[in-house]
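# Fold the following, please.
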Amino acid sequence: MPSTLLFRRDKHTGGLTSRRSVGGLGRVGMRCYWLITWRTYGTWLPGEAGFVSEFRDRGGRKVLLNTPGEPTADANPKLAAYSARIMDEEAVHLTPALAKAVADQLRETARIRQWQLLALAVLTTHVHVVIGVPEDLNPERALADFKAWCTRRLNQQVGPRKHWWVQSGSIRKKATPTRIRGAVEYVRDQEHPLVVWLEPRIAERLNGAT
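Below you'll find the predicted structure:
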């Protein structure tokens, strides 16, 4: 099933809309789609093999190696040891119950903000979402809102702690129907997820394509 059954380009603006805006799968005004990922606190520390956090190379330049399919950073034992030494809480490994709370909060936040949540996956050490937002919204705000509201939900459920998540996250724009669909399938096909959810009509269409 071609990707155009999920999304189409607006002939006036060139932006992307999805089919509920015309009786199918999207909302009017959703123009930008993003794959957003963030990790739990204390996991995959800077310096560990394959880490994707920002670091400085030998020349002092900031480097971020987190592009899918591209090489990740080599292990840096000194950096890994330093990263572990400055942690002020235990690392966070989500349980199935906590993952469900996170997933519930992600859906609630998207509903309140009137963003289009296409897919989510919550794993022991990280979270993925594919989201459609108005074109004038900085995706960093979406990342910050998701993390803040999930922090509040987890604190209410198990008690407060200073850190649930790492400071930063990965934000990748998906500018074509094919890339949006690929992001949804990437989230759907995560290994060992605790929770996976797809927007029901998109899930129906993807299942119909298999």
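
# State the distance from Pro139 to Leu154.
Counting by CB to CB, to the nearest Å, the gap from Pro139 to Leu154 is 22 Å. No exception for glycine: its C-beta is placed from N, CA and C like everyone else's.

# how about the nearest residue to Ile171, chain neighbours excluded?
Pro139 (4.8 Å; CB to CB, 6 or more residues apart in numbering).

# Does that neighbour touch Cys32 like I think?
Yes - if you go by CB atoms under 8 Å, Pro139 and Cys32 touch, sitting 7.4 Å apart.

# okay, and the common contacts of these two?
Counting by CB atoms under 8 Å, 6 or more residues apart in numbering, the contacts common to Pro139 and Cys32 are 133, 173.

# on that earlier part again, and the residue nearest to Ile171, how close does it get to Gln105?
18 Å.

# Verify the stated contact: Ile171 with Glu140.
Yes - using CB under 8 Å, Ile171 makes contact with Glu140 at a distance of 6.8 Å.

# Tell me the secondary structure of Gly132, please.
Gly132 carries the three-state label strand when classified by DSSP: H, G, I helix; E, B strand; the rest coil.

# Show me what it is bridged to.
Legend: beta-bridge partners of Gly132 under DSSP bridges are Tyr33, Gln116.

# Start at 33, not 1
With the count now opening at 33, the last piece we talked about shows up as Gly164.

# what's the spacing between it and Gly74?
For Gly164, the distance to Gly74 - CB to CB - is 31 Å.

# out of the two, which sits in the busier spot?
More neighbours surround Gly164 than the other of Gly164 and Gly74, with 24 against 18 (other CB atoms under 10 Å).
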